[in-house]
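Peer 1: Here's a sequence, model it:
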Amino acid sequence: MTRCLIVLAHPLDRSLCSWLTDRAQAAAEARGWVVDRLDLHAERFDPVLTAGERAGYYGPPAAATGDPLAARLAEADVLILVFPTWWFGFPAILKGWFDRVWRPGVAFDHAPDLGRMIPRLQRLQRVIAVTTMGAPWWIDRLVMGRPLRRVLKRAIVGPCAPAAKLDWIVLYGAETVSAGRAASFANRVDRRIAGAALR
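Peer 2: The predicted structure follows:
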């Protein structure tokens, strides 16, 4: 049984990201995956790392037991992230989800010398990032060097789930996208999910 966690990070119920999440969920369910949909805004997730959480960051790791968000991440074979790119970065609520949920004892462990992180998300096989961006492709790729893709691949997924393959799917010029181009992009997302190879 393949478990798929879909994380939506957009404050508007009727946003393009919300519609893309519906499409991604339908495509995942069509593959027979068991889908767990996490709408961070609807669930009123607090992205702010607390003083207590930070103070205990290098102490004995808090396990996923008793934390439903950590347990949902730990159980995922496939992770689909749907979010807008703002200021060439993650929305604050999604960044906070990484800060608070991808913590020691859940996503990784600290090495004894605090060197390389020891990955814990061994079950995770695929991460599919679906993002909308107002900028054109050439600014993201040629001027900025795709910063968000690099952070997700090298600083988050790589250290915590090194066996997971990252699919990065971007809708550029999203603020002025036509219905036809949005539909074409959604079809691309469908195909990527339908063709995702799992071990």
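Peer 1: Quick one: classify the residue nearest the centre of the chain as helix, strand or coil.
Peer 2: A centroid search over the chain (Cα atoms, centre = their mean) returns L81, at 3.5 Å, as the residue closest to the centre. Using DSSP: H, G, I helix; E, B strand; the rest coil, the structure places L81 in strand.
Peer 1: and it, what is it in contact with?
Peer 2: V7, A9, L94, V127, I128, A129, V130, T131 (Cβ atoms under 8 Å, 6 or more residues apart in numbering). Bear in mind the C-beta positions are built from the backbone N, C-alpha and C, glycine included.
Peer 1: pretty sure the last one is in a helix, no?
Peer 2: It refers to T131. No. Counting by three-state DSSP, T131 falls outside a helix, being strand.
Peer 1: Need the pLDDT of it.
Peer 2: Here, the pLDDT recorded for T131 equals 97.
Peer 1: Now for the closest residue to it other than its chain neighbours: which residues touch it?
Peer 2: Sequence neighbours aside, T85 is the residue nearest to T131 in space, at 5.0 Å (criterion: Cβ to Cβ, 6 or more residues apart in numbering). Listed by Cβ under 8 Å, 6+ apart, the contact partners of T85 are T131, T132, M133, A135, L148, V170.
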